[in-house]
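1. Any chance you could fold what I've pasted below:
(one chain, ligands or ions: 1)
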Amino acid sequence: MDLFPDGFLWGAATAAHQVEGNNVNSDLWVLEHTEPTLFAEPSLDACDHYHRFPEDIKLLAGLGLNTYRFSIEWARIEPERGHFSRTALEHYRRMLAACHENGVSPMVTFYHFSSPRWFAALGGWEKPAASDLFLRYCDRAARHLGDLIAFATTFNEPNLPMLLRWLPVSEIPFITVKRMVKAAQRALGTGRFGCFFLGDAVKLRDRMTATHERAVEALKSGPGSYPAGVSIALQDEQAVGADSRRDRKRAEVYDPWFDAAGRGDFLGVQTYTRCRVGKKSDLGPEPGVELTQMGYEFWPEALEACLRYAHARVAVPIYVTENGISTEDDTRRIEYIRRALAGLRNCLAEGIDVRGYIHWSLLDNFEWILGYRPKFGLIGVDRATQQRTIKPSARYLGEIARRKQILDPAAIG
Ligand code: BGC
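-> Have a look, this model is predicted:
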């Protein structure tokens, strides 16, 4: 029988800004409220995970999952430059403790896209001071929380700005971005507003790769001992035409991060779809292929391709730290999980060192500029009542985790 190995991580993920609610001190909260804004709607109460984490972690454990990947919020932990909130750190200690009480290993992301307002007002990641500021925050948080952490990552998808550069130019709303940033500067009373999503991608890449290695040390500076790595965004890039710039794209977007990941303990692979690359940029979906709510091709096989690609490039162990689909049709999520895991299984059979599968997302949540419309959750959230509803896909993944093998969805009922 092809069983998944003992000790394999089975989990689900969230990120603070997308689920906690009222992350008012963050740069993104500012951008959500500018006029004009790129955001379809503001995050507001989100899933109130800040208060409901005990219930949510219990639900995750009850499904049969053994790992919860979540981020701690810099904007809460250091609301003013140099002031570290003991109350916020204690909150995250309680979250970590709740994981352990439920037999769940916590994988903690120290940076998942959002920054404190004051950091944005200094110019964000583009400025040389960013590294030391981030390292100080990592050090303080790790010292406070380290004894309860099982795995840690420095950055979530730090290569995303480079990846976005490959979008066809026609898809980028330059004018709105410019006006939104100006409005954010006015709101903060500064001449700068450096946000992760909007910064100069090359500067960000250089700053963040250089910071990663030192951040791994900072993450390990506290009590406890755990592996620390980085999670990057990958697509299954497919070259279209003899003059495709696919390899150039890969070199630009991934190579620096594969190098950086080699200086940590593991690489987190995050993937959702394939991407066809032409002679100038990405080409968009192939006509006729099923699309998800994000407009991505329904392409669960991307996981196997990305794992093989990453394995060829790094020597450290790999964890799938995000993989999933946005859909209102949960039967498509089940099919996606089944096929993605079949690909992962092929990789394991060939000896590729993949140690876990963490699904995005535990909850339907705030999908950045798209607001709440895309549904990535294994668990639905009624935003008026905050009631949680377990979807069949959650039970399916949980059952696979319990039995350590891919199951026929029909057999789950
Ligand atoms: C991010 C998540 C996001 C997900 C789905 C990843 O890029 O890490 O925050 O919600 O993809 O788009």
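2. Could you pull up the residues touching Leu28?
-> His17, Ser43, Phe113, Ser114, Cys195, Trp368 (CB atoms under 8 Å, 6 or more residues apart in numbering). For glycine as for every other residue, the C-beta is placed from the backbone atoms N, C-alpha and C.
3. Burial check on the last one, number of neighbours?
-> Burial of Trp368, expressed as a neighbour count using other CB atoms under 10 Å, amounts to 20.
4. Next: the fourth one.
-> Under the neighbour criterion other CB under 10 Å, Ser114 is assigned a count of 27.
5. ok, it - contacts?
-> Ala16, His17, Asn23, Ser26, Asp27, Leu28, Glu73, Trp74, Ala75, Phe196.
6. Can you give me the neighbour number for the last one?
-> Applying other CB under 10 Å, we find 24 other residues in the vicinity of Phe196.
7. ditto for the second one
-> His17: 25 surrounding residues under other CB under 10 Å.
8. before we move on, what about the fifth one?
-> Close neighbours of Asp27, defined as other CB under 10 Å, add up to 28.
9. Correct me if wrong: it contacts Gly123.
-> No. If you go by CB atoms under 8 Å, Asp27 and Gly123 don't touch, sitting 11.4 Å apart.
10. ok, back up a step: got a markdown table for the contacts of Ser114, with secondary structure and distance to the ligand too?
-> Shown next, in a markdown table, are these (DSSP: H, G, I helix; E, B strand; the rest coil; distance: CB to the nearest ligand atom, whole Å):
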| residue | secondary structure | distance to the ligand |
| --- | --- | --- |
| Ala16 | helix | 10 |
| His17 | helix | 8 |
| Asn23 | coil | 13 |
| Ser26 | strand | 14 |
| Asp27 | helix | 15 |
| Leu28 | helix | 11 |
| Glu73 | coil | 13 |
| Trp74 | helix | 15 |
| Ala75 | helix | 16 |
| Phe196 | coil | 11 |
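11. can you put those in a markdown table and add distance to Phe266 and pLDDT?
-> Shown next, in a markdown table, are the contacts of Ser114 (distance: CB to CB, whole Å; pLDDT from 0 to 100):
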| residue | distance to Phe266 | pLDDT |
| --- | --- | --- |
| Ala16 | 21 | 99 |
| His17 | 24 | 99 |
| Asn23 | 28 | 98 |
| Ser26 | 27 | 98 |
| Asp27 | 28 | 98 |
| Leu28 | 27 | 98 |
| Glu73 | 23 | 99 |
| Trp74 | 22 | 99 |
| Ala75 | 26 | 99 |
| Phe196 | 22 | 96 |
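12. Looking at these, which is nearest His100?
-> Ala16 (19.4 Å; CB to CB).
13. and that closest one, what does it touch?
-> Contacts of Ala16 by CB under 8 Å, 6+ apart are Asn23, Phe70, Ser71, Ile72, Glu73, Arg76, His112, Ser114.
14. can you pull the contacts of the third one?
-> Shown here is Ser71, whose contacts under the criterion CB under 8 Å, 6+ apart are Thr14, Ala15, Ala16, His17, Val108, Thr109, Phe110, Tyr111, His112, Asn156.
15. Turn the residues you listed into CSV, columns for secondary structure.
-> Shown next, in CSV, are the contacts of Ser71 (DSSP: H, G, I helix; E, B strand; the rest coil):
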residue, secondary structure
Thr14, coil
Ala15, coil
Ala16, helix
His17, helix
Val108, strand
Thr109, strand
Phe110, strand
Tyr111, strand
His112, coil
Asn156, strand
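16. Can you pull the phi and psi angles for the residue lying farthest from the centre of the chain?
-> Distance from the C-alpha centroid of the chain peaks at Ala242, with 33.1 Å (CA atoms, centre = their mean). For Ala242, the backbone dihedrals are phi -70, psi -30 (criterion: degrees, to the nearest 10).
17. Find the closest residue to the ligand in the stretch 1-150 of the chain.
-> Using CB to the nearest ligand atom, the closest approach of the stretch 1-150 of the chain to the ligand is made by Ala15 at 4.9 Å.
18. Could you list the low-pLDDT ranges of this protein?
-> By pLDDT under 70, the weakly predicted segments of the chain are 1, 413.
19. hang on, Gly288 in a strand?
-> No. Under the criterion used here (three-state DSSP), Gly288 is coil, not part of a strand.
20. Let the chain start at 19 from now.
-> Got it, first residue is 19 now, which makes that one Gly306.
21. Please report how far it lies from the ligand.
-> Applying CB to the nearest ligand atom, to the nearest Å, the value for Gly306 to the ligand is 23 Å.
22. Pull the number of nearby residues for that residue.
-> 5.
23. So which residues make contact with stretch 138-156?
-> By CB under 8 Å, 6+ apart, stretch 138-156 touches 45, 48, 92, 95-96, 99, 102, 128-129, 133, 137, 172, 202, 206, 208, 210-214, 217-218, 221-222, 225-226, 228-229, 232-233, 236-237, 239.
24. Spell out, range by range, the strands that occur in the stretch 169-318 of the chain.
-> Assigned by DSSP state E, counting those that start in this stretch, the stretch 169-318 of the chain shows strands spanning 169-174, 246-257, 284-295.
25. Of these, which is nearest Gly80?
-> strand 169-174 (21.5 Å).
26. packing partners for that closest one?
-> strand 123-129, helix 219-237, strand 246-257, strand 284-295 (3 or more CB pairs under 8 Å, 6 or more residues apart in numbering; DSSP states H and E).
27. Need the winner for burial among the strands of the stretch 169-318 of the chain.
-> strand 169-174 (a mean of 27; mean count of other CB atoms under 10 Å).
28. Outside of it itself, list whatever touches it.
-> Contacts of strand 169-174 (CB under 8 Å, 6+ apart): 33, 87, 89, 123-131, 156, 160, 226, 229-230, 233-234, 237-238, 244-249, 282, 284, 286, 288, 337, 339.
29. repeat that with 6 Å
-> 125-130, 230, 233, 237, 244-249, 286 (CB atoms under 6 Å, 6 or more residues apart in numbering).
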